[in-house]
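Enquirer: here is a sequence together with a model predicted from it:
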Amino acid sequence: MSKVDILLGLQWGDEGKGKVVDVLTPNYDVIARFQGGPNAGHSLEFNNIKHVLHTIPSGVFHPGCINVIGNGVVIDPIIFAQEIHSLEKLGVNLRRTLKISKKAHLILPSHRELDAASEAAKGKGKIGSTLKGIGPTYMDKTGRNGIRVGDILAHDFQERYQFLKNKHKEILRQYNYQSNIEQHEEEWFKGVELMKEYDLIDSEYEINKYIAQGKRVLAEGAQGSLLDIDFGSYPFVTSSNTICAGACTGLGIAPGKVGEVYGIFKAYCTRVGSGPFPTELDNEVGEKIRQIGAEYGATTGRPRRCGWLDLVALRYAIMLNGVTQLIMTKPDVLDTFETIKVAVAYRINGAETDRLPYDINAPIEPVYKEFKGWMREISGFKSDDDLPDELMAYIQFVEQETGVPIKIVSVGPNRDETIVRE
Ligand code: IMP
């Protein structure tokens, strides 16, 4: 009997999960996605080509590794097909190794339109959604209207599709939204046909079978803990549980079967879309981070908002997830910064606190601790002993403040630019 290890982002997504899963994959037999959908963009470097995955788990470049799309995921057949075709061009054939839960929900072309209509209606209060139809699909799931992957095999699939589409058209009419659904239907149904060529499974049974067989399973989170539907800065969140508990419901594993929880965070913070971001640097320092860190959305290309590391938020995410090991990414982006700041507390209306406030409009003033920058290139470094003292001071401070060891430091985008610490 083995346990399921979970890897998830502790900030607002884009922490570098794709690369880290790719580095960890040789230790695992199975990689499973448990929530989210094509709003995610997991970037991997393969044979020096940057590749972005949206729906398919990040174990695809390791031959023999089984990749599971769990019941908690929402799938757009159009994007699924595009991903499969671009992987095939790279010579990656997933026919035998990719398995899809029959209980995962489908994103219809009309869900995407509903997303766009809902955002447009929100005006200034818009979420900044990736507009992939994520919110409306999860709404249909919890509203018990959704269409699941297993339904594509049903004799009345067409009717179910038309029924839901017509319902959506009614809503779109109320929004006064010019709809374009039919234009995407042919491609959507082609994607559905392609999905039928893959192993459609009861993933909860399969995952529990793998555990019983002693296979090593890694659950791969998408987005980040601060975008969690329950614990993020609601309503500026995504529509799924991005925290550790989401792996239990999104794969069908009992809490007692969770092993290590790897929490991944960037040495600074970024956020795409709207919502509070206490340590945001809306100035030339933030711009410098964006340029050096290439902080543009992997899914939408939008510039990411950039800011200093926020320990109040990080400690919150660690608490929610029960993180056992930390992974720090992209400290190399800070190589040329003379001073680096970290928020250790918030000041709200004159009072200091170490908690995230309920009120997302609360006027938060971060209380910073300053660190001296290391002012040299670190990407070639292979071990702790090589790392500059200033960076070690930064790492040790985070460990001391969070009470969790930083086991991996990623110092560049490639697999070999990774320091595994003793
Ligand atoms: P949605 O999930 O596409 O509706 O987007 C909701 C919010 O989550 C928006 O602020 C998005 O920018 C953000 N978001 C969704 N997916 C990701 C991701 O994979 N990385 C970073 N932000 C994301």
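Expert: That came through fine.
Enquirer: name the nearest residue to R290, sequence neighbours excluded.
Expert: In space, and not counting its chain neighbours, R290 is closest to C306: 5.0 Å by CB to CB, 6 or more residues apart in numbering. Where C-beta positions appear, they are placed from N, C-alpha and C, glycine not excepted.
Enquirer: ok but the one you found is inside a strand, no?
Expert: Yes - C306 forms part of a strand when assessed by DSSP: H, G, I helix; E, B strand; the rest coil.
Enquirer: count of residues packed around it?
Expert: 27 (other CB atoms under 10 Å).
Enquirer: ditto for G13
Expert: Look at G13: counted by other CB under 10 Å, it has 27 neighbours.
Enquirer: for the ligand, what's its nearest residue on the protein.
Expert: G273 (2.2 Å; CB to the nearest ligand atom).
Enquirer: on that earlier part again, wait, isn't the residue nearest to R290 in contact with Y296?
Expert: No - using CB atoms under 8 Å as the test, C306 is too far from Y296 to be in contact (10.8 Å).
Enquirer: what do these two both touch?
Expert: Common contact partners of C306 and Y296 (CB atoms under 8 Å, 6 or more residues apart in numbering): R290.
Enquirer: which other residues reach stretch 87-97?
Expert: Here stretch 87-97 has contacts from 46-47, 49, 51, 56, 60-61, 64-67, 84, 197-198, using CB under 8 Å, 6+ apart.
Enquirer: for these, pick the one with the most neighbours.
Expert: With neighbours set by other CB under 10 Å, the maximum within the contacts of stretch 87-97 is found at V60, which has 25 neighbours.
Enquirer: the ligand contacts on the protein?
Expert: Contact residues, the chain versus the ligand (CB under 6 Å from any ligand atom): 12-14, 39-41, 127-130, 132, 134-135, 222-223, 227, 238-239, 272-273.
Enquirer: what is the burial count for L8?
Expert: Per other CB under 10 Å, the neighbour tally for L8 reads 29.
Enquirer: quick one, phi/psi of it?
Expert: Main-chain dihedrals, L8, degrees, to the nearest 10: phi -140, psi 160.
Enquirer: beta-bridge partners for it, please?
Expert: G263 (DSSP bridges).
Enquirer: which residues touch it?
Expert: Applying CB under 8 Å, 6+ apart to L8 gives the contacts 17, 221, 224-225, 242-244, 247, 261-264, 321.
Enquirer: same question, Y346
Expert: Applying CB under 8 Å, 6+ apart, the residues near Y346 are 278, 312, 352-357, 364-367.
Enquirer: likewise for P26?
Expert: Residues in contact with P26 (CB under 8 Å, 6+ apart) are H62.
Enquirer: where does it sit: helix, strand or coil?
Expert: Counting by three-state DSSP, the backbone at P26 sits in helix.
Enquirer: quick check: the gap between it and L200.
Expert: P26 is 28 Å from L200, where distance means CB to CB, to the nearest Å.
Enquirer: need the contacts of Y346 in a markdown table (columns: distance to E417).
Expert: Formatted as a markdown table, the contacts of Y346 follow (distance: CB to CB, whole Å):
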| residue | distance to E417 |
| --- | --- |
| P278 | 30 |
| V312 | 29 |
| E352 | 38 |
| T353 | 37 |
| D354 | 33 |
| R355 | 36 |
| L356 | 32 |
| P357 | 37 |
| I364 | 34 |
| E365 | 36 |
| P366 | 30 |
| V367 | 33 |
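Enquirer: among the residues you listed, name the ones in strands.
Expert: Using DSSP state E to define strands, the subset of those located there is 352-353, 364-367.
Enquirer: with pLDDT added, can I get these in a markdown table?
Expert: As requested, the ones in strands among the contacts of Y346 are arranged in a markdown table below (pLDDT from 0 to 100):
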| residue | pLDDT |
| --- | --- |
| E352 | 98 |
| T353 | 98 |
| I364 | 97 |
| E365 | 97 |
| P366 | 98 |
| V367 | 98 |
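Enquirer: check whether N67 really touches G59, as I assumed.
Expert: Yes - judged on CB under 8 Å, N67 makes contact with G59 at a distance of 5.0 Å.
Enquirer: joint contacts of those two?
Expert: 30-31.
Enquirer: quick check: end-to-end length of stretch 69-77?
Expert: By CA to CA, to the nearest Å, the extent of stretch 69-77 from end to end equals 13 Å.
Enquirer: next one: it to chain centre, how far?
Expert: How far stretch 69-77 lies from its chain's middle: 13 Å, per CA atoms, centre = their mean, to the nearest Å.
Enquirer: next: stretch 4-24.
Expert: Stretch 4-24 sits 7 Å away from the centroid of its parent chain (CA atoms, centre = their mean).
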